[in-house]
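Colleague: Coordinates for the following, if possible.
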Amino acid sequence: MKYFGTDGFRGRANEGLDVEHAFKIGRFVGWYYGARQEKKARVVVGKDTRRSSYMFESALIAGLVASGADAYMLHVIPTPGVAYETVDGRFDCGIIISASHNPYTDNGIKLVNGEGFKMDEDVLEQIEDYIDGKLEVPLATADAIGCTVDYMQGRNRYIAHLIASANFSLQGVKVGLDCANGAASSVAKPVFDALGADVRVINNAPDGFNINVDCGSTHIDRLRRHVVEQGLDVGFAYDGDADRCIAVDERGNVVDGDLILYVCGVYLNKHGRLTAGTVVPTVMSNYGLFKAFDEASLSYETTAVGDKNVYACMRENGYSLGGEQSGHIIFGDIERTGDGIMTSLRVMEVIRAERETLSQLCAPVKLYPQELINVRVTDKDAAMSDAGVLDAVKQAEEFLAGQGRVLVRASGTEPLVRTLAEAPTDELCKQANAIVLKALEPFKA
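Modeller: You can find the predicted model right below:
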């Protein structure tokens, strides 16, 4: 793909991704879905809080209606809210304007199909051809021109869906929320308020520039201090588009995606709600998580990095829980994509049902020290297939003698080979990585 990567079309606003790209994406999508069914297409559009999202929203809407589609505007809403409402409102397509956890200078456009899944690649390829002038798309005229609809009721329905998914009260529970000055700012607090929680919110005053700035799931220290200083029971931090969630326990300890998978996996399995007793983490999950799964008699099936790969495995095998260390958790029985607010509600369900603190629920997991080193290379494919490198990885694994692991993989976007060592001590991690780094020396850029 020339423009669309694993998570949509991303770039610096009006540099890598510009307003004309947005207009053309709207033009193609509006025409494509209308032509397929010989009636006006219905497309729902949502955005995060970065300054450029408003510009891209206007361009997309103009393109959609110019091609004959009716455009329904959800305004600021989490990415999973757009996916939910695409299905709930029976729209042909959903469009999300967001660059997730990236700085405000970046933005992105992501599309989901009518089933709420990431857009089919053949459609994205056609959009790219249209952007590059290889296809022609007619303009709508007269009564065929589309209209815009201020669709705030869609956001309200998403909020109601989150509230309805919780069959418990949070009366008397003190909860801290870090909304990253992003899309969760208008949604997370109303959900927890409705459940009766005593909510203490930080970073929920977006100004177009402060999204993800020293806040949210990628900068957790502020929430840790907030939880401890306010004497809260638990805290949750979201990223800019609120599809991720990282928790903080009552002691201020970070509870990342791995620990959330453990807490929810054990609980769901106990109540017969974990399909095949299996959780789907990625290969980058902590070795300590795998050991804890073994001790809890849970099965696990690892995938390559990326929520797309996690969900593909879950969908293919019917699994009900999977996710990434970054806090992108998918509950397959109720959603098709990661939803940070939904994740925080599922964690609260466990805390309430088990009558334990989050630190107690996480206690059985002993996360291993990790050392991740990025090596810039001249040819990452040659390095990854080199016999000497492969042998070094094997030697490093043997050195750890079952007490840890070494994972070596090529970056998907840069000329890098990443080597990750996990072991009971930092020193063992360094020694294991040193074996692999020596073998990578001839390939260094």
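
Colleague: When you work out contacts or count neighbours from here on, use the C-alpha atoms and nothing else.
Modeller: Will do.

Colleague: Break this structure down into its domains, please.
Modeller: 4-156, 165-362, 370-443 (automatic domain parsing).

Colleague: Now the weakest link among the ones you listed, please, by mean pLDDT.
Modeller: Mean pLDDT is lowest for domain 370-443 among the domains of the chain, at a mean of 92.

Colleague: thinking again about what came up before, please produce JSON lines containing the domains of the chain, extended by mean neighbour count.
Modeller: Below are the domains of the chain laid out as JSON lines (neighbours: other CA atoms under 10 Å):
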{"stretch": "domain 4-156", "mean neighbour count": "21"}
{"stretch": "domain 165-362", "mean neighbour count": "21"}
{"stretch": "domain 370-443", "mean neighbour count": "18"}
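
Colleague: from memory Leu274 sits against Gly265, does it?
Modeller: Yes: counting by CA atoms under 8 Å, Leu274 touches Gly265, with 6.8 Å between them.

Colleague: what sits in contact with each of these two?
Modeller: Here Leu274 and Gly265 have Leu321 as joint contacts, going by CA atoms under 8 Å, 6 or more residues apart in numbering.

Colleague: Next, the residues that contact the longest helix anywhere in the chain from outside, please.
Modeller: Identified as the longest helix of the chain according to DSSP state H is helix 19-37. Here helix 19-37 makes contact (CA under 8 Å, 6+ apart) with 40-41, 43, 55-56, 59-69, 92, 109, 127, 130-131, 137-138.

Colleague: how does it look with 7 Å?
Modeller: Residues outside helix 19-37 that contact it (CA atoms under 7 Å, 6 or more residues apart in numbering) are 40-41, 56, 59-69, 92, 127, 131, 137.

Colleague: helix or strand right after it?
Modeller: Using DSSP states H and E, the helix or strand that follows helix 19-37 in sequence is strand 42-47.

Colleague: That following strand: partners in the sheet, and parallel or antiparallel?
Modeller: strand 70-76 (parallel), strand 93-97 (parallel) (DSSP bridges).

Colleague: hey, C-alpha coordinates of the longest one in PDB?
Modeller: Okay, so that is strand 70-76. Presented in PDB, the C-alpha positions along strand 70-76 are these (Å, rounded to 0.1, in the frame of the first residue of the first chain):
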ATOM      1  CA  ASP A  70     -25.300  11.400   3.100                       C
ATOM      2  CA  ALA A  71     -22.700  12.100   5.800                       C
ATOM      3  CA  TYR A  72     -23.600  11.700   9.400                       C
ATOM      4  CA  MET A  73     -21.300  13.600  11.800                       C
ATOM      5  CA  LEU A  74     -20.600  12.100  15.200                       C
ATOM      6  CA  HIS A  75     -18.100  14.900  16.000                       C
ATOM      7  CA  VAL A  76     -15.600  14.100  18.700                       C
END
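
Colleague: How far off centre is that strand?
Modeller: Counting by CA atoms, centre = their mean, to the nearest Å, strand 70-76 is centred 22 Å from the centre of its parent chain.

Colleague: Equivalent analysis for the last one, please.
Modeller: Taking CA atoms, centre = their mean, one finds strand 93-97 lying 15 Å from the centre of the chain it belongs to.

Colleague: could you check the angle strand 93-97 makes with the next helix or strand after that strand?
Modeller: Counting by DSSP H and E, the next helix or strand C-terminal to strand 93-97 is strand 106-113. Interaxial angle of strand 106-113 relative to strand 93-97 (axes from the mean of the first three to the mean of the last three CA atoms, to 10 degrees): 170 degrees.

Colleague: and strand 106-113, what other elements does it pack with?
Modeller: Applying 3 or more CA pairs under 7 Å, 6 or more residues apart in numbering; DSSP states H and E, we find strand 106-113 packed against strand 8-12, strand 93-97.

Colleague: how about a markdown table for the ones you listed, with distance to Gln230 added?
Modeller: A markdown table is the format used below for the helices and strands packed on strand 106-113 (distance: least, CA to CA, whole Å):
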| stretch | distance to Gln230 |
| --- | --- |
| strand 8-12 | 38 |
| strand 93-97 | 34 |
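
Colleague: All the strands of the stretch 301-445 of the chain, residue numbers only.
Modeller: Ranges of strands in the stretch 301-445 of the chain, per DSSP state E, counting those that start in this stretch, are 321-323, 329-331, 370-376, 405-410, 416-422.

Colleague: same thing with the stretch 51-200 of the chain?
Modeller: Using DSSP E, counting those that start in this stretch, strands in the stretch 51-200 of the chain cover 70-76, 93-97, 106-113, 148-150, 174-178, 198-202.

Colleague: can you redo those strands as CSV with distance to Gln431?
Modeller: Output for these, formatted as CSV (distance: least, CA to CA, whole Å):
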stretch, distance to Gln431
strand 70-76, 48
strand 93-97, 44
strand 106-113, 38
strand 148-150, 59
strand 174-178, 38
strand 198-202, 41
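
Colleague: List just the one of those that sits closest to Tyr300.
Modeller: For Tyr300, the closest of these is strand 106-113, at 27.9 Å, according to CA to CA.

Colleague: what's the angle between that closest one and helix 19-37?
Modeller: Using the same axes, to 10 degrees: strand 106-113 against helix 19-37 is 0 degrees.
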